[in-house]
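S.K.: okay, predicted coordinates and the sequence, questions at the end:
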Amino acid sequence: MNNSSPYWNAPNKQFWKPTIAALAKEINKDINNAELNQDLIDEAIKYIHKPEFNISEGDKFISAGSCFSEHVTNVLISSGLKWIETESNMQQSCYKDCQDSNSFRIGNIYSPLTLLQWLEMATNENVWNQYRHAEIIKVEEGYLDGLRPRVIQKNGEITYTSKDNLIRSRELTKQEINKGITNADLFVLTLGMTEVHISSRSGLCVPIHYGTLKKEPIGDYPINSRVLFYDEVVSAIQNIIDICKSLNQNIKILLTVSPVPMVATHTSKHVLVAHWESKSIIRAAISYICSKNADTSYFPSFEIINSLATASPMYSDNKRDPNPTLGVRAVKRSFVNSYSLKSNLNESKSKSLGNTCDDILLESYLNKSSVNSYSSDVVENSIGQFQDVEFLLLGDSLISSLHSELKKQVMHINAKTPPSGWQLSLGDFSLDETYILRVDNNQLYNEIWQKIYADSFLNRKVKCSKYRVVVTNIGIHPHTLPRLYFEQCNCEIVTGTTCATHTNWNAFFWSVRRNHLKVLNALKEQCDLLLLVHNPPFYQSPQEEFLANALYDFLAFISLGKNWHQFETIKYMNEYAKSINTPLNEVIKGFKWEDNFHGNEKFNRWQAKEVLKVIQESKKIYDEMTAAY
């Protein structure tokens, strides 16, 4: 026993004031200097993690967990570790962006109980025989796997034609789980919450409440929603480790907690209280587990994001998605430095999670009219100017970001944005005669879109006396199209100048985007202003820039006589550069994220303001013409 104070001669990292408080003070001096802030954050968290074991280039690893796990997976891959992707000949998820999160085709894992069930079925024949037929849901389209209801099958469907096909698919996953754990050097598991949904029929934990899937009860499948206790979380994680060690005694376990907050809680508590209760239970359980198990370690991604949130903009504007430029990158850099890995962080993509998380579906239940929007960045006089404007935004993640910013700048805005942007960019959709958008092989998102459609001015049964505006980038995907084009031409994007001609490109565009153009025509029939928003000029090669400009020229030609309006982002950006007396390339650099596709929050604010100006001017002309007649 030592009678001296345990804080005597302790290093600075053990005190709040010289680390977090000092960091906040320095960052507040120049809150918008992202590069400087990143350096300050790196210095503050230099000693935040001491690895319990080594990770080396060439190690094989498996991963499972919530949607945040993709960031850890990406940084390990970029560091030279070998990711074991089981059933790799099939799509792993119903949405493209999230298929790189998990090694097994079991969907996102939020609670340890969900993963434990799969491991027990995979390794224990008695458990397998007991539950192999459990939670098979009969729906109109066929049979739905209640244990992984959002995982797409090889044929592109989320349902099965028969129970036998569903069980055979489970058997394949069972085999791949055994194989993956047996061959791995490392298992990375990211956990997210303790709120679970238990089937009253089987007693199994299902990842999504069936009522959330269909917005109504599905047959006789009652669900009991509850919160796991601390000892249940400890027991589940310990059993997961024991099963892994029984298959592979040398496997190392790396645990993390997702910093992404809950979208909603099924309890009666305030969501903030429920969120912190859930994260605290998981974090405390992991601490106990790590103290009792060799070769089991915790990486503090949760602490890096949350504890530094008071000192820097670690979250994006919605205060839920970690900021890719600062938050996610800080986690990655800390991870790489802790384990002495060599990683090109520019190749390890940092992106907003957006709609890739299963629980984002819960936002469709939000009563928009009862929610207060808070923002200090409201466009001057915007409330009066846009009270009689009805917005509908339709497109990919760039339009989703614009939507978020518009809601902040115009507090009362009633804008709607359907999900599944990546499928829109690939053209995997259609618009039927009733103006209901049909995304191919994606029943869940189709239901969300149908709900949005039912309340929008596209529905001819809905009377709308307001100025109707559709903002979209359907058909305008200059980062997706060039890759498809060069694949068809069988040449590399960096050397594809010979096949990149206006004639070839226009012919290609017309062949693959005919469906897009039909949808744009249909949308224009139902609105007063159709605004086509060009992507920001963040190109990866001169060839990509050439094809993007050719695409815009082609769209300008098609738009003649159709009364489609185009928001030419590069044109407005150039005018903005002149107004602040700054070179255009510097403006572009200041507007870029590291992923070469999306703009940062500064870009989103600027673009939203400019788009509102265009809408305001268009409505002014419309009102004058209406008054004249």
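M.R.: In hand now; what should we look at?
S.K.: so residue 191 sits right up against residue 114, yeah?
M.R.: No: distance between residue 191 and residue 114: 9.7 Å, which falls outside the contact criterion (C-beta atoms under 8 Å). For every residue, glycine as well, the C-beta is placed using N, CA and C.
S.K.: check which residues of the helix or strand residue 237 falls within are buried.
M.R.: With secondary structure defined by DSSP states H and E, residue 237 is part of helix 230-247. In terms of neighbour count (16 or more other C-beta atoms under 10 Å), helix 230-247 has its buried residues at 232-241, 243-245, 247.
S.K.: swap in stretch 454-467?
M.R.: Going by 16+ other C-beta under 10 Å, stretch 454-467 has these buried residues: 456-459, 467.
S.K.: quote the end-to-end distance of it.
M.R.: For stretch 454-467, the separation between the terminal residues is 18 Å (C-alpha to C-alpha, to the nearest Å).
S.K.: and the contacts of that stretch?
M.R.: Contacts made with stretch 454-467 from outside it, assessed by C-beta atoms under 8 Å, 6 or more residues apart in numbering, are listed as 388-390, 392, 416, 435, 453, 468, 523, 526-529, 619, 622.
S.K.: let's see that with 6 Å instead.
M.R.: Counting contacts by C-beta atoms under 6 Å, 6 or more residues apart in numbering, the residues outside stretch 454-467 that touch it are 388-390, 392, 435, 453, 468, 526, 528, 619.
S.K.: out of these, which is most surrounded?
M.R.: For the contacts of stretch 454-467, neighbours were counted by other C-beta atoms under 10 Å; the highest total belongs to residue 392, with 23 neighbours.
S.K.: and that residue, that's in a helix?
M.R.: No: if the criterion is DSSP: H, G, I helix; E, B strand; the rest coil, then residue 392 is strand and not within a helix.
S.K.: kindly state the beta-bridge partners for it.
M.R.: The bridge-partner assignment for residue 392, based on DSSP bridges, gives residue 470.
S.K.: which of the buried residues of stretch 454-467 fall in strands?
M.R.: For these, membership in strands holds for residue 467, with DSSP state E as the criterion.
S.K.: can you name the two of the buried residues of stretch 454-467 that are farthest apart?
M.R.: By the measure C-beta to C-beta, the buried residues of stretch 454-467 have their two most distant members at 459 and 467, which lie 17.1 Å apart.
S.K.: show me where the stretch 51-200 of the chain has its helices.
M.R.: Counting by DSSP state H, counting those that start in this stretch, the stretch 51-200 of the chain has these helices, from start to end: 69-78, 112-123, 125-131, 163-183.
S.K.: send me the second one as PDB with only the CA atoms.
M.R.: Listed in PDB are the C-alpha atoms of helix 112-123, where the atom choice follows Å, rounded to 0.1, in the frame of the first residue of the first chain:
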ATOM      1  CA  PRO A 112     -24.100  -8.300 -28.600                       C
ATOM      2  CA  LEU A 113     -27.200 -10.500 -28.200                       C
ATOM      3  CA  THR A 114     -27.800 -10.500 -31.900                       C
ATOM      4  CA  LEU A 115     -24.300 -11.600 -32.800                       C
ATOM      5  CA  LEU A 116     -24.300 -14.200 -30.000                       C
ATOM      6  CA  GLN A 117     -27.400 -15.900 -31.500                       C
ATOM      7  CA  TRP A 118     -25.700 -16.300 -34.900                       C
ATOM      8  CA  LEU A 119     -22.500 -17.700 -33.300                       C
ATOM      9  CA  GLU A 120     -24.400 -20.200 -31.200                       C
ATOM     10  CA  MET A 121     -26.400 -21.400 -34.200                       C
ATOM     11  CA  ALA A 122     -23.200 -21.700 -36.300                       C
ATOM     12  CA  THR A 123     -21.300 -23.700 -33.700                       C
END
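S.K.: show me where the stretch 501-629 of the chain has helices.
M.R.: According to DSSP H, counting those that start in this stretch, the stretch 501-629 of the chain carries its helices in the segments 502-512, 514-525, 542-559, 569-579, 584-591, 601-628.
S.K.: these: which one's closest to residue 165?
M.R.: Proximity of those to residue 165 was assessed by C-beta to C-beta; the nearest stretch is helix 514-525, lying at 30.2 Å.
S.K.: model confidence over the closest one, on average?
M.R.: Helix 514-525 carries an average pLDDT of 76.
S.K.: could you tell me the angle between that helix and helix 542-559?
M.R.: For the pair helix 514-525 and helix 542-559, the angle between their directions (axes from the mean of the first three to the mean of the last three C-alpha atoms, to 10 degrees) equals 50 degrees.
S.K.: flag every buried residue along helix 514-525.
M.R.: Buried residues in helix 514-525 (16+ other C-beta under 10 Å): 516-517, 519-520, 523-524.
S.K.: and of those, the nearest to residue 207?
M.R.: For the buried residues of helix 514-525, the closest approach to residue 207 (C-beta to C-beta) belongs to residue 519, at 32.6 Å.
S.K.: low pLDDT regions in the stretch 501-629 of the chain?
M.R.: Low-confidence segments of the stretch 501-629 of the chain (pLDDT under 70): 501-515, 560-561, 594-596, 628-629.
S.K.: apply 80 and report the result again.
M.R.: 501-519, 522, 539-563, 593-598, 624-629 (pLDDT under 80).
S.K.: part of a helix, is residue 474?
M.R.: No: inclusion of residue 474 in a helix is not indicated when three-state DSSP is applied; the result is coil.
S.K.: quick revisit: redo the buried residues of helix 230-247 as TSV? Include pLDDT and distance to residue 83.
M.R.: Formatted as TSV, these follow (pLDDT from 0 to 100; distance: C-beta to C-beta, whole Å):
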residue	pLDDT	distance to residue 83
232	93	30
233	94	27
234	95	28
235	94	29
236	94	25
237	95	22
238	95	26
239	95	25
240	95	19
241	95	21
243	95	21
244	95	17
245	95	21
247	95	18
